[in-house]
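Visitor: everything below, folded, please.
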Amino acid sequence: MDIALLLPLGLLVIMMIFMWRSNKKRTAQQQEMRSKILPGVEVMTQAGIFGTLVEVDEADNVATIETSPGVLIRVHNQTIAHVVEPKIDVPDDASELTGTEGVDDADKPADENDSAAESGARDGDDSNENGKQS
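Guide: From the prediction side, this is the model:
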């Protein structure tokens, strides 16, 4: 066999393996999402409509979604794009977890803010309030 023939065949086999693996992952994600579709969860459709799932009829492949109080829409089961997970609010820093707050410039007493501004003016800065040299 010629190497010119083996190289394209080897690349074709590798491409098929990667396609098979990605298809397997996508199928597993869809199965996991379908297992989460139960009445009472918040879902988003492929059209971007958010609502609470009220009823799922597996025999007819119909889902009933309540988009706002009293407004029900019926959609095909396959139009549910994903289940919306509840957002967990995580603080940016640990101060909110411990209850200890950092001190801001606005939280300092007025005399500390004034003394910091005056020290900058005393350190040889000849500019006035508008930033012009005198």
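
Visitor: which strand or helix spans Arg74?
Guide: Applying DSSP states H and E as the criterion places Arg74 in strand 71-76.

Visitor: quick check: buried residues in that strand?
Guide: Judged by neighbour count (16 or more other Cβ atoms under 10 Å), strand 71-76 contains these buried residues: Val75. In this view, the C-beta of every residue, glycine as well, is placed from N, C-alpha and C.

Visitor: in its sheet, what does whichever helix or strand comes after it sit against?
Guide: Of the helices and strands lying after strand 71-76 in sequence (DSSP H and E), the nearest is strand 80-83. With DSSP bridges as the test, strand 80-83 is paired with strand 42-45 (antiparallel).

Visitor: burial count for Pro69?
Guide: As a burial measure, Pro69 scores 6 neighbours (other Cβ atoms under 10 Å).

Visitor: for it, give me the pLDDT.
Guide: For Pro69, the model assigns a pLDDT of 92.

Visitor: what about Pro86, which SS state?
Guide: Put simply, Pro86 is coil when judged by DSSP: H, G, I helix; E, B strand; the rest coil.

Visitor: how about Glu55, phi and psi?
Guide: phi -150, psi 140 (degrees, to the nearest 10).

Visitor: now do the contacts for it.
Guide: Contacts for Glu55 (Cβ atoms under 8 Å, 6 or more residues apart in numbering) come out as 39, 63-64.

Visitor: try 10 Å
Guide: Contact analysis of Glu55 by Cβ atoms under 10 Å, 6 or more residues apart in numbering lists 39, 62-66, 72, 74.

Visitor: which stretches in the chain count as helices?
Guide: Taking DSSP state H as the test, the helices found in the chain are 3-36, 95-98, 110-122.
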